[in-house]
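**Student:** Below are the sequence and a predicted model for it; my questions follow.
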Amino acid sequence: MSPTNFLERVRVRDAVPRLAGVVARTPLTAFESEDERVEMRLKLENLQETGAFKARGAWNQIAQLSPSERAAGVVTTSSGNHGKALAWAAARAGVHATIVMPGDAYPNKIQACRDFGAEVVLAPSRNACDELCAERVRAGATLVHPYDAERTAQGAGTVGLEIAEDWPEVDVVVTPVGGGGLVSGVALAIRQALGGRPAIVGVEPEGSATLAAGVARGEPVQLPNTSKVQGLCPPYSGAFNIAVAKETGLELLALSDAEILAAQAILVRVGGWVVEPAGAAAFAAVREQRLPARLYVGRDARKKLRVACVVSGGNPDPAQLAAVQRGT
């Protein structure tokens, strides 16, 4: 992707009127940090419509379809939350949606897409999802990309805009990273609202650090996936998100699946929230004290680092959630 000033081109605030009255303004809730240097608040997108931040980008896309695009329907590929969100948004707008999903997607997420009236197509692999999706696009459907699209990121970025409005003193904003749509949207919003002062940190699984690889190479990189954290394991991160990461000074961390799952357990057992593993990745970075060391250098020890963590989703596999609640 050629160099573009996305900070000027993709104005997150422009999405606010489209989303008003449709998606929720989720709470930014204080949560005690085990790191005494940190004051932490959680942006609870697990309480969002459809249980994840994805509702924001999906509706921002659907709301801007032309009459001919609405008539032809939309298609996407998703392991769950984006598909559920698009199915919800399309149903609300009276648009036919096709969701191409990998066969190993959580059964509850597959059923959720069907419950909203979407046509679900199961693919034998994640890579096969792209080709099946492309077939529908060639037949006339409009692609609503789960993460590598300006309108998707613009909608997701309203998460960051709300953080900036509710806590303008924030020092660090941390989000989970799959394909990069959430973190790129949040990065744009924070830079547009608060300038260059806050740090923006994205957290990937060690076994699927595709955005870090893409930023290092300057283009999408397909990696073999060894992570089991569904929702954070795209085949690659998008060119748009790579460009935004570079433009906004995004910093990236990689955590193990075990660290992410341990963080989920805290949010479920202590916080009392329904949170999927992917949704706990940002909190995991704080819990494991993995934020960049430079953030503490030269800081008055009497002033805590103000950190906002996005809890991105609350649609876990029911059996997995039950095991977490039991502590097994």
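**Tutor:** Nice, thanks for sending it over. Residues are numbered from 1 along each chain as shown.

**Student:** Please count neighbours and contacts with C-alpha atoms only from this point.
**Tutor:** Noted.

**Student:** Per the annotation, how does this protein divide into domains?
**Tutor:** Using automatic domain parsing, the domain parsing of the chain gives 6-53+150-326, 55-143.

**Student:** Number of residues surrounding the closest residue to Leu182 other than its chain neighbours?
**Tutor:** Nearest residue to Leu182, sequence neighbours excluded (CA to CA, 6 or more residues apart in numbering): Ala156, at 5.4 Å. Applying other CA atoms under 10 Å, we find 29 residues neighbouring Ala156.

**Student:** With Tyr296 instead?
**Tutor:** Neighbours around Tyr296, by other CA under 10 Å: 14.

**Student:** Save the domains of the chain as a markdown table, and put in mean pLDDT too.
**Tutor:** Shown next, in a markdown table, are the domains of the chain (pLDDT from 0 to 100):
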| stretch | mean pLDDT |
| --- | --- |
| domain 6-53+150-326 | 97 |
| domain 55-143 | 95 |
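
**Student:** roughly how far apart are the residue nearest to Leu182 and Ser79?
**Tutor:** From Ala156 across to Ser79, the span is 17 Å (CA to CA, to the nearest Å).

**Student:** can you pull out the helices in the stretch 1-150 of the chain?
**Tutor:** In the stretch 1-150 of the chain, the helices defined using DSSP state H, counting those that start in this stretch lie at 6-9, 16-19, 54-62, 67-72, 81-93, 107-115, 126-138, 150-156.

**Student:** For the spatially most central residue of the chain, which three-state class applies?
**Tutor:** Centrality entry for the chain: nearest residue to the mean C-alpha point is Leu182, 3.9 Å, by CA atoms, centre = their mean. The assignment at Leu182 comes out as helix when based on DSSP: H, G, I helix; E, B strand; the rest coil.

**Student:** Contacts made by the helix or strand containing Ala282 with the rest, please.
**Tutor:** Secondary structure from DSSP states H and E places Ala282 in helix 281-287. Under the contact criterion CA atoms under 8 Å, 6 or more residues apart in numbering, helix 281-287 has outside partners 33-35, 42, 174-176, 202-204, 253, 255, 259-260, 262-264, 291, 309-311.

**Student:** Let's see which of those residues end up in strands.
**Tutor:** Leu42, Val174, Thr175, Pro176, Gly202, Val203, Glu204, Leu253, Leu255, Cys309, Val310, Val311 (DSSP state E).

**Student:** Return the residues in contact with the second one.
**Tutor:** Same thing as Val174. Here Val174 is in contact with Ile200, Val201, Gly202, Val203, Ala282, Phe283, Val307, Ala308, Cys309, Val310 (CA under 8 Å, 6+ apart).

**Student:** got the contact list for the spatially closest residue to Arg136 that is not a sequence neighbour?
**Tutor:** Distance criterion CA to CA, 6+ apart; nearest residue to Arg136, sequence neighbours excluded, is Val75 at 6.9 Å. Each residue near Val75 by CA under 8 Å, 6+ apart is listed here: Ala97, Thr98, Ile99, Val100, Cys133, Arg136, Val137, Ala141, Thr142, Leu143, Val144.

**Student:** Same list, these, but as a markdown table with distance to Asp300 and neighbour count please.
**Tutor:** Shown next, in a markdown table, are those (distance: CA to CA, whole Å; neighbours: other CA atoms under 10 Å):
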| residue | distance to Asp300 | neighbour count |
| --- | --- | --- |
| Ala97 | 53 | 30 |
| Thr98 | 53 | 26 |
| Ile99 | 50 | 29 |
| Val100 | 51 | 27 |
| Cys133 | 52 | 23 |
| Arg136 | 56 | 18 |
| Val137 | 55 | 18 |
| Ala141 | 55 | 23 |
| Thr142 | 52 | 22 |
| Leu143 | 49 | 21 |
| Val144 | 46 | 24 |
